[in-house]
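> A structural model of the following input is requested.
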Amino acid sequence: MTYATRIRPIASLLLAGTVSMSALAASADTIRLSTTVADTSNWVKAANKFKELVEERSGGAHTVEVYPSGVLVGGNDRVELEMAQAGAVDIIMKSTPWLSQINNEFQVVAMPWIFPDADTAMAVMDGPVGQRLSDGLAEVGIEALGWGSGSFFQLYSNPGPIATPDDIANVKIRTPGLDLYLESWAAVGATPVAMSFAEVFTALQAGAIDGGISPIPLIYASRFFEVSKNIAVINFSFEAVGMLGSTAALARFSPEDQELIRQAGHDAMLYQREVAAAEESELAKKMEEDGVNIQTPAPEALAEFKARVAPVFDKFRGTIGEDLVAQVEAEVAKAAQ
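Next up is the predicted model:
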């Protein structure tokens, strides 16, 4: 049984048992956008840009309601996806590591150290690889409107400073629930813990975890730095962020309005890329002013991180697909010329 088939009864029970359809179904001129990240995130800045563009370009015929921090879905990423598939929410925002849980090919974006910088990663998402991944979402009732930059995952931890892989030996770090990440950090020597993003801050406060991996903007927006005072800049893995439309929900709009929504989503995520790029150094500086120790391990230490993860990388080449990984590597090499 495929994931797409398996979730339909779950979504039906959710809609019937937890909230009434009359409460969830948006009117024909109201677009509901949900995301599980905090309202201070650049994801939400993109959502608000989408709202601005849709309302302006439709001449006020359509309005957009933005729901951050998972308030519409109880903080549950999977419920959010199920609601989008059922047409109970119109637009959601999801990162490529999370999407890897429903489409294995998205793991290619998350492969450790496969991209040298964010511009190269986004060029790949704008090309044939990004189109291939977007096409795969159609199988689960989701349409990619636009892709933005979630930046690189950095390592944050209460023990520190983090200068070498040995500094996080047996340290409990949270990762998204992706085998690629779990096996990578086990290979480094840490104790990886899969956990929903909405639970991380409380878990850090309670000592259930000692740190985790997240991009600088999300570490700041989610206030992880308040309880985890060491960050190692290792550019471990990149994440792209998708603004994703519900196929079922978009069907209620005219072809002209569907195109308006698609273009607004695309343009909003181009805007998000600019915001994300500007935030990196600015937010790192703010965290340092708050007492956070941010450092880049020496080249030989970074080489040791990569060497420990190399067998996992090789294993997942086959799991994801040699052809797809090779295609990304070829596009990265082309961009470097």
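> buried stuff in stretch 264-274?
264-273 (16 or more other C-beta atoms under 10 Å). Yep, even glycine has a C-beta here, placed from its N, CA and C like the rest.
> what's the average pLDDT for it?
What stretch 264-274 shows for mean pLDDT is 97.
> Which residues does stretch 297-307 contact?
Residues outside stretch 297-307 that contact it (C-beta atoms under 8 Å, 6 or more residues apart in numbering): 112-113, 162-165, 188, 232-234, 236, 296.
> Mind putting those into CSV with neighbour count?
Below are the contacts of stretch 297-307 laid out as CSV (neighbours: other C-beta atoms under 10 Å):
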residue, neighbour count
P112, 24
W113, 17
I162, 24
A163, 13
T164, 17
P165, 24
V188, 24
A232, 27
V233, 17
I234, 21
F236, 23
T296, 14
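> all strands in this structure, in order from the N-terminus.
Per DSSP state E, the chain carries strands over the ranges 30-34, 63-67, 91-95, 142-152, 154-157, 172-175, 191-194, 211-214, 230-232, 238-246, 293-295.
> chain center to the last one: distance?
Centroid displacement of strand 293-295 relative to its chain, using C-alpha atoms, centre = their mean, to the nearest Å, is 23 Å.
> Which strands or helices does that strand pack on?
strand 230-232, helix 255-289 (3 or more C-beta pairs under 8 Å, 6 or more residues apart in numbering; DSSP states H and E).
> what's the closest of the ones you listed to S184?
strand 230-232 (14.6 Å; C-beta to C-beta).
> related to what we said a few turns ago, and of the helices and strands packed on strand 293-295, who's closest to W98?
helix 255-289 (16.1 Å).
> which helices and strands does the closest one pack with?
helix 42-57, helix 118-125, strand 142-152, helix 216-221, strand 238-246, strand 293-295.
> can you pull the buried residues of the longest one?
Buried residues in helix 42-57, defined by neighbour count with 16+ other C-beta under 10 Å: 42-51, 53-55, 57.
> can you check the second one too?
Using 16+ other C-beta under 10 Å as the test for burial, helix 118-125 gives 118, 120-125.
> which one of these is nearest G211?
A118 (22.6 Å).
> so the residue lying closest to the closest one once chain neighbours are set aside bridges to which residues?
Nearest residue to A118, sequence neighbours excluded (C-beta to C-beta, 6 or more residues apart in numbering): S149, at 5.1 Å. Note on S149: beta-bridge partners by DSSP bridges are A240.
> which residues touch S149?
118, 121-122, 240-241, 272-273, 276-277 are the contacts of S149 under C-beta under 8 Å, 6+ apart.
> Against M125, how distant is it?
9 Å (C-beta to C-beta, to the nearest Å).
> Quick check: chain neighbours aside, which residue is closest to the residue positioned nearest the centre of the chain?
With the centre of the chain defined as its mean C-alpha position, the nearest residue by C-alpha atoms, centre = their mean is S95, 2.0 Å away. In space, and not counting its chain neighbours, S95 is closest to E239: 4.4 Å by C-beta to C-beta, 6+ apart.
> just for the stretch 1-150 of the chain, where's the confidence low?
Scanning the stretch 1-150 of the chain for pLDDT under 70 picks out 1-28.
> hmm, back to that, tabulate the buried residues of stretch 264-274 (a markdown table), appending distance to A248.
Formatted as a markdown table, these follow (distance: C-beta to C-beta, whole Å):
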| residue | distance to A248 |
| --- | --- |
| A264 | 19 |
| G265 | 16 |
| H266 | 20 |
| D267 | 23 |
| A268 | 21 |
| M269 | 22 |
| L270 | 26 |
| Y271 | 27 |
| Q272 | 25 |
| R273 | 28 |
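> out of those residues, who's nearest I219?
Q272 (17.2 Å).
> What residues does that closest one make contact with?
Shown in contact with Q272 (C-beta under 8 Å, 6+ apart): 42-43, 45-46, 49, 148-149, 241.
> quick one: the residue nearest to the centre of the chain and F153 touch, right?
No: taking contacts as C-beta atoms under 8 Å, S95 lies outside contact range of F153: 10.1 Å.
> anything in contact with each of those two?
Common neighbours of S95 and F153 (C-beta under 8 Å, 6+ apart) are E239.
> Number of residues surrounding K306?
16 (other C-beta atoms under 10 Å).
> Against the centre of the chain, work out the most remote residue.
Max distance from the centre of the chain (C-alpha atoms, centre = their mean): G59, 31.5 Å.
> shouldn't S222 be in contact with F201?
Yes: using C-beta under 8 Å, S222 makes contact with F201 at a distance of 6.1 Å.
> who has more neighbours, those two?
S222 (20 against 16).
> So for the more buried one, what pLDDT did the model give?
In this model, S222 carries a pLDDT of 88.
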